[in-house]
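**Q** Here's my sequence, what's the structure:
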Amino acid sequence: MCIRDSDKIHLLYVSPRLNATGYYRMIAPALEINKTVTHRAIVTSIESYDFSSRLSDFVNQLDERLITWADYVIFPPLFSDVSYLVKAIKILNTSVQLVMDIDRNYFAVPDSIPFSRKLTQEKLQYFQMNLGLMDLVTVPNKPFQSFLQRLIDDRLENAHTLVHHIPSLVSRYGYEEMPPIQKNEAKKLRIGIIKPTEEDLLSLKEVLFLLRKTFKDKIEVIYFGRADSSKEAAKLLKEIDSEIHTTVSFLDYFEKLNSLQLDIVLLPAKEGLYNRHQNTQLFIELSVFGIPVIASIHNTATLLIEEGESSFMASEIPEWVDLIKSFIDDESDLKRVAKNALKSVWRNHSYNSKTLESLTDIFI
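**A** Numbers count the residues shown, from 1 in each chain. Next up, the predicted model:
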C-alpha cells in the first residue's frame with residue numbers, strides 16, 4: 001500500500017455498505033471530497049449490507065498505515081463494544097478524530113421494521129456507549145442533530161462528542177451514466193408508493209381507498225417495496241388493485257425506479273421520532289428522476305420541499321385527493337412541477353462548491 005504524504009486533511013471512511021446509506025453518507029462524500037484542493041479521502045473496502053458489524057470486521061479493514069495517515073476516521077453506526085479498537089487507534093495516532101455517521105434514530109425504530117428484531121437492548125447500550133467514544137457524530141437532519149446532542153449531554157457524563165448535521169446530497173458520481181428518464185406515455189396517472197414502513201403505508205389507507213373510488217380507471221397505484229408485507233398491508237394493496245414490485249439490490253435500484261415511469265409519489269409518514277429524524281434520500285432520488293411528491297407533513301421531505309413549486313405537502317385526506325385531482329385535470333401543471341423538481345435538486349441538494357465547502361468545514 002502506497003499512501004503519499006500531503007498537506008491535505010485526510011479522511012478515512014471505514015466499511016461503507018453497498019446500499020443507499022453507504023452511497024449517500026460515505027461513498028459519494030468521499031468521491032466529492034477528493035475533488036477539493038484541501039482534503040483527501042480514502043474508502044476501505046465496500047461491504048455487502050449487514051445490520052451491525054462485529055469488532056473484527058473493522059479491525060480487518062484498518063491497516064496501521066491508514067490509521068496513522070488519517071486525520072479523521074469515519075465509521076458507520078457501531079453496535080458492538082469498540083472501546084478496545086478506539087484505544088488502539090488513539091495509541092497509533094494520538095491526534096486522530098473519530099467520527100460515527102448515523103443515518104436514522106436507532107432509539108426509535110418501529111417494531112414492524114425487520115431489523116428492529118436484531119436491535120437488542122445490548123446492542124443499543126453499546127451503540128449509546130460508542131457515541132461517547134466519538135469526537136464527532138454526523139446525522140442527516142437538524143431535528144435529529146438537536147435530539148442526539150441532548151441525549152449525549154444528558155446520558156453520557158464524560159463525553160465530549162459534538163453532533164453535526166451533514167445532509168444527504170446527490171452527486172454526479174452514480175447518476176452520470178443514468179439512462180434517459182422514462183416518462184409515462186399512458187393516459188392513466190401512475191402514483192407510486194416506495195419502501196414505506198407498515199405503519200406509514202396503513203396511515204394512508206383511507207386516502208388510497210378514496211383515490212381508487214374517486215378516480216377509478218384514471219389512476220394506477222404502483223407499490224415498490226418489501227414483498228413480505230403484513231397481512232393487513234397486503235390486503236390493502238390488493239383491495240386498491242395496486243401494481244406490486246418487490247425491492248431490488250442497490251445496484252439495480254435506479255434502473256428499476258426509472259422503469260416504473262411514475263408521475264408522482266406519495267410519501268406517507270406517521271408522527272414520531274423515527275420519521276422526524278429520518279434522512280431525505282428518497283425525496284432527492286425521486287427529484288433526480290423528475291418525479292414530484294406529495295408528502296405527509298410528518299415526513300422529513302417537508303424540510304426540503306418548495307411547496308407548490310417542486311412538490312407538495314398534505315395532512316388531511318381531502319388535501320391528498322385534491323392534489324391528485326389537479327394533476328389528472330391539468331397534465332401541464334404536473335409537467336411543470338416535475339421539471340421544477342429536477343432543477344431544484346441539482347440547484348439546492350447536490351454537491352457544488354458551496355455544499356462541498358460546508359462539508360469540508362466540519363473536517364478541519
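**Q** roughly how far apart are Ile362 and Thr355?
**A** 12 Å (Cβ to Cβ, to the nearest Å). The C-beta positions use only the backbone N, C-alpha and C, and glycine is treated the same way.
**Q** now swap in Glu271 and tell me
**A** According to Cβ to Cβ, Glu271 stands 30 Å off from Thr355.
**Q** And for Asn299?
**A** Distance of Asn299 to Thr355, given as Cβ to Cβ: 22 Å.
**Q** between these two, which one's more packed in?
**A** Each of Asn299 and Thr355 has its neighbours counted (other Cβ atoms under 10 Å); Asn299 has more, 26 against 16.
**Q** From what I see, that one and Lys270 are in contact.
**A** No. Contact between Asn299 and Lys270 fails when scored by Cβ atoms under 8 Å: they sit 9.5 Å apart.
**Q** For the protein, which element, helix or strand, carries the lowest mean pLDDT?
**A** Among the helices and strands of the chain, helix 55-61 carries the lowest confidence by mean pLDDT, DSSP states H and E, at a mean of 58.
**Q** how about the next helix or strand after that helix as CSV, C-alpha atoms only?
**A** Of the helices and strands lying after helix 55-61 in sequence (DSSP states H and E), the nearest is helix 64-69. This file holds the C-alpha atoms of helix 64-69, laid out as CSV (Å, rounded to 0.1, in the frame of the first residue of the first chain):
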residue,chain,number,x,y,z
GLU,A,64,-2.0,0.7,10.7
ARG,A,65,-0.7,2.9,7.8
LEU,A,66,-4.2,4.1,7.1
ILE,A,67,-4.7,5.0,10.8
THR,A,68,-1.5,7.0,11.0
TRP,A,69,-2.4,8.7,7.7
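**Q** Now do helix 64-69: which elements does it pack against?
**A** Counting contacts by 3 or more Cβ pairs under 8 Å, 6 or more residues apart in numbering; DSSP states H and E, helix 64-69 is packed against strand 9-13, helix 83-92.
**Q** shaky segments in the chain?
**A** Confidence mapping of the chain against pLDDT under 70 gives the ranges 1-5, 48-61, 227-229.
**Q** what about the strands in it?
**A** 9-13, 39-43, 72-75, 97-101, 136-139, 162-165, 189-194, 219-225, 243-246, 264-267, 293-296, 312-314 (DSSP state E).
**Q** now these as CSV including mean neighbour count?
**A** Shown next, in CSV, are the strands of the chain (neighbours: other Cβ atoms under 10 Å):
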stretch, mean neighbour count
strand 9-13, 22
strand 39-43, 20
strand 72-75, 24
strand 97-101, 21
strand 136-139, 22
strand 162-165, 17
strand 189-194, 21
strand 219-225, 20
strand 243-246, 14
strand 264-267, 26
strand 293-296, 25
strand 312-314, 21
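**Q** got these as TSV, with distance to Leu210 columns?
**A** As requested, those are exported to TSV (distance: least, Cβ to Cβ, whole Å):
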stretch	distance to Leu210
strand 9-13	46
strand 39-43	47
strand 72-75	46
strand 97-101	40
strand 136-139	36
strand 162-165	37
strand 189-194	13
strand 219-225	11
strand 243-246	19
strand 264-267	13
strand 293-296	14
strand 312-314	12
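**Q** out of these, nearest to Leu66?
**A** With Cβ to Cβ as the criterion, Leu66 lies closest to strand 9-13 of the strands of the chain, at 5.6 Å.
**Q** Need the contact partners of the closest one.
**A** With contacts defined as Cβ atoms under 8 Å, 6 or more residues apart in numbering, strand 9-13 is touched by 26-27, 29-30, 33, 38-44, 66-67, 69-74, 360, 363-364.
**Q** Would you check that Asn279 makes contact with Ile166?
**A** No. With contact defined as Cβ under 8 Å, Asn279 does not reach Ile166; the gap is 10.4 Å.
**Q** joint contacts of these two?
**A** In terms of Cβ under 8 Å, 6+ apart, Asn279 and Ile166 are both contacted by the residues Arg25, Pro140.
**Q** How about stretch 77-97, which residues are buried there?
**A** Buried positions in stretch 77-97, judged by neighbour count with 16 or more other Cβ atoms under 10 Å: Pro77, Leu78, Phe79, Ser80, Asp81, Val82, Leu85, Val86, Ile89, Asn93, Val96, Gln97.
**Q** Among those, which one lies nearest to Leu266?
**A** For the buried residues of stretch 77-97, the nearest to Leu266 is Pro77 (28.7 Å; Cβ to Cβ).
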